[in-house]
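Colleague: Everything below, folded, please.
(chains A, B and C)
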Amino acid sequence: MKLRRSMLFVPASNAAMVSNSFIYDTDSIMFDLEDSVALREKDSARLILFNALQHPLYQDKEVVVRVNSLDSAFGVDDVNAVVAAGVDVIRLAKTDSAQDVIDMEAVIEHAEQAYGRPVGSTKLLAAIESALGITNAKEIAFASKRLIGIALGAEDYVRNLKTNRSADGIELLFARCSIIQAARAAGIQCFDTVYSDANNEAGFIHEAELIKQLGFDGKSLINPRQIDILHNIYAPTLKEVDHAQAVIAAATEAEEKGLGVASLNGKMVDAPIIERARLTLERAVSGIREEL
Amino acid sequence: MKIHQSAVAGTFESSDLFVEVEPQPQFSLSVTSSATQFRDAVETQVRNILTKLHIENGQWRVTDSGALDCIIAARVETAALRGAELSALNWEEM
Amino acid sequence: MQIQYSIVSANSMLYQTAIEQLIASQGLRYESDIEYFCIAHNQQQVLVGCVGLAGHILKCFAIENNYQGAGISRAMVTEIILCAYQLHRKSLSIFTAPDKVSIFQSMGFTALTSLTRSSVLLVNRPEQLLALQHQLSRHKIIGKRIAAIEMNANPFTKGHAYLIEQAAQACDWVHVFVVREENKPFSFSDRLAMVRNGCQHLRNITVHEGNDYMISKRTFPSYFLKESHLVNQLHAEIDCEIFVRYIAPCLGITHRYIGSEPNCPITQNYNQVMMAMLPPQISVVEIKRLALSGISISASTVRNNLLNATTLVASLLPISTINYLIEHHGYALQI
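Modeller: Residues are numbered from 1 along each chain as shown, chains lettered A, B, ... in the order given. A predicted model of the protein is given here:
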């Protein structure tokens, strides 16, 4: 599974940000056509993405696009444009039910056929932003083969709960756990919401450590300064890296010698452990965390 | 595509392009760029995009603030669609 | 540093105090004719930038010291221009300090006047001036003495007629320009008609419609606003520079005729600026204002007395104007 710790939010209507965001060392870039784009700029933002996604700068980067709702005047055109331009992942905002995912899938499939893209090549990420969506999290997570994951959108969610976001995030605990449970049950990834106070680094670190411990694969970001901090929190320690390398070495050796089962220091090394070791090594690429 | 109403797209912000078009039977284009060494390249690209869109009329005025080619294309296409009162391009042809 | 931009009405109670303070902090004066502002707020919701729109002019461009830099100004100018476009005002001007000229040039504006002055006039449709020059040059008459006169003619008095006649006698040709900006009580078309009617007996004159580049709100806003002396002086100089550089050469103007001004300080100052700036290319001839029974004739006297002392008014006006006012405005003027 692809490493997706960081997804940097970039408003698609901002020419300078779209032109520069490829320089950031983020796992995915998430261009937004939805709430960060003013109504009068919806058409222009869509055309910016249509052109930028085909630009060589964005060929080596995973690109996620948050499109407008299919109920709006923009949703279908958004999907057509970004599918035609070869988007990697479409982020479906405000997912309330499995049907929302199925409806989006139909529009994507239609676009893939119309614009000569392999059917099924466009992936989906469903963002859940309401109490109804959290209640349906399991059904949503199983709704499509295209789903790479589900994500929490907390701003609308806390409004829906009639509360607001706090420093320790107690109000989000249930939603976060629901999303992790659903994602893991369906075998897909899960992503935490943005931390919106871009200048509060301590608060961001606190939240990032919490969601990593809960089990999230990553988090949406609004400030490029948060990328390194987040990657550092997800980085393994030297001891963990050494162990992971040993696991991979044991597995490779066992495979080469035709052994059915690998072991390391007398402990069996099975598929989940190998998978875990691979993830550790991937996360180590951007750095190794110093042990405290 | 025919321009029959005035339209603007883009901004004067850095890395962006500001495009204005007024309907007129003939075609005219003026381009200025904050990076004068790129002015001619911007003009060539704008002309290519307009040719691709089959646009043969309008008074076009383009102010470049150092836009990448994908931004230039997007802003010109936006102004063209707005000026022609169309909602979307034929994505396949582009 | 996230900045939020919005367009607000200039008389919005929510922002007015903050806008006035910001403008003052940048050494500028709040100008009362502004209709709209684009304002910029930082993340703490503090006002950090503004630019106003008054008619076709962008003004009161101010950015808080810590936020100076191209980013905010470019975003604000985009917003205020889009606002002007929505109001169908496509042709825009800005008066700005010489050190800000290059930023506006990079946003599609062209400087029309010298960078040595503390205020420079830039426009976004310089081709309109070219078109005007082209159109004026079709009226060019070759001669040794070619005069220009600009007038409001609100209404056209014996004084205006006298000034034109003096010029017509002394010169090969006279070009009369009627200020275009709408005025009270007489509209531009009324004033133009009164001047044309009053000059029918003269063979060597052309009466032109005024334009955006001669005593207009675009080149000389303080003339219409009665602003402080300093602004007035600058705008008067800018107006004269445009006349010398762009207007006079198209018509081969050699002389500018002006009437002496006993009352209005703005016009007095404008006359002085002309005498200082137009030579040597153009000679300024000041004609002493025509007086009747010891009182010099002025359009303002006529305006102030239109409704009551009709005999006095009639004595100040040529017969062509009296006929026009009776016919078109129903004034019961007694000759």
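
Colleague: So what touches stretch B:72-83?
Modeller: For stretch B:72-83, contacts defined as Cβ atoms under 8 Å, 6 or more residues apart in numbering or on different chains pick out A:15, A:43-44, A:47-48, A:50-52, B:1, B:3-10, B:16-21, B:23, B:42, B:45-46, B:49-50, B:53, B:55, B:58, B:60, B:62, B:64, B:67, B:87-89. All C-beta atoms are positioned from the backbone trio N, CA, C, and that covers glycine.

Colleague: Same question for stretch B:60-68.
Modeller: Stretch B:60-68 has contacts (Cβ under 8 Å, 6+ apart) with A:15, A:19, A:55, A:57, B:10, B:12-21, B:27-35, B:38-39, B:42-43, B:46, B:50, B:72, B:75-76, B:79, C:74, C:106-108.

Colleague: So which of these sit within strands?
Modeller: Within the contacts of stretch B:60-68, residues falling in strands by DSSP state E are B:10, B:17-21, B:27-33.

Colleague: Can you flag the buried ones in the residues you listed?
Modeller: When neighbours are counted using 16 or more other Cβ atoms under 10 Å in any protein chain shown, the ones in strands among the contacts of stretch B:60-68 contain these buried positions: B:G10, B:L17, B:F18, B:V19, B:E20, B:V21, B:V31, B:T32, B:S33.

Colleague: Of those residues, which are in range of chain C?
Modeller: Counting by Cβ under 8 Å from any Cβ of the partner chain, B:F18, B:T32 from these sit close to chain C.

Colleague: Please name the residues that touch the nearest residue to A:Q113 once chain neighbours are set aside.
Modeller: Leaving aside its sequence neighbours, A:Q113 sits nearest to A:V119 (Cβ to Cβ, 6 or more residues apart in numbering or on different chains; 6.4 Å). By Cβ under 8 Å, 6+ apart, the contact list for A:V119 reads A:E109, A:E112, A:Q113.

Colleague: how about a cut-off of 10 Å?
Modeller: Listed by Cβ atoms under 10 Å, 6 or more residues apart in numbering or on different chains, the contact set of A:V119 reads A:I108, A:E109, A:H110, A:A111, A:E112, A:Q113.

Colleague: these two touch, right, A:N223 and A:D197?
Modeller: Yes: between A:N223 and A:D197 there is a contact under Cβ atoms under 10 Å: 9.5 Å.

Colleague: Among those two, which residue is more densely surrounded?
Modeller: More neighbours surround A:N223 than the other of A:N223 and A:D197, with 18 against 15 (other Cβ atoms under 10 Å in any protein chain shown).

Colleague: Check the more buried one and give its pLDDT.
Modeller: According to the predicted model, the pLDDT of A:N223 comes to 91.

Colleague: three-state assignment of it?
Modeller: Judged by DSSP: H, G, I helix; E, B strand; the rest coil, the three-state class of A:N223 is coil.

Colleague: Excluding chain neighbours, what is closest to the residue nearest in space to the middle of chain B?
Modeller: When Cα atoms, centre = their mean is applied to chain B, the residue found nearest the centroid is B:V76 (2.7 Å). Leaving aside its sequence neighbours, B:V76 sits nearest to B:I49 (Cβ to Cβ, 6+ apart; 4.7 Å).

Colleague: how about the residues of chain C near chain B?
Modeller: Proximity of chain C to chain B, by Cβ under 10 Å from any Cβ of the partner chain, involves residues C:70-79, C:81-82, C:85-86, C:88, C:90, C:102-110, C:124-125, C:127.

Colleague: Out of those, which are close to chain A?
Modeller: Within the residues of chain C next to chain B, those near chain A by Cβ under 10 Å from any Cβ are C:G71, C:R74, C:L82.

Colleague: Thanks a lot, catch you later.
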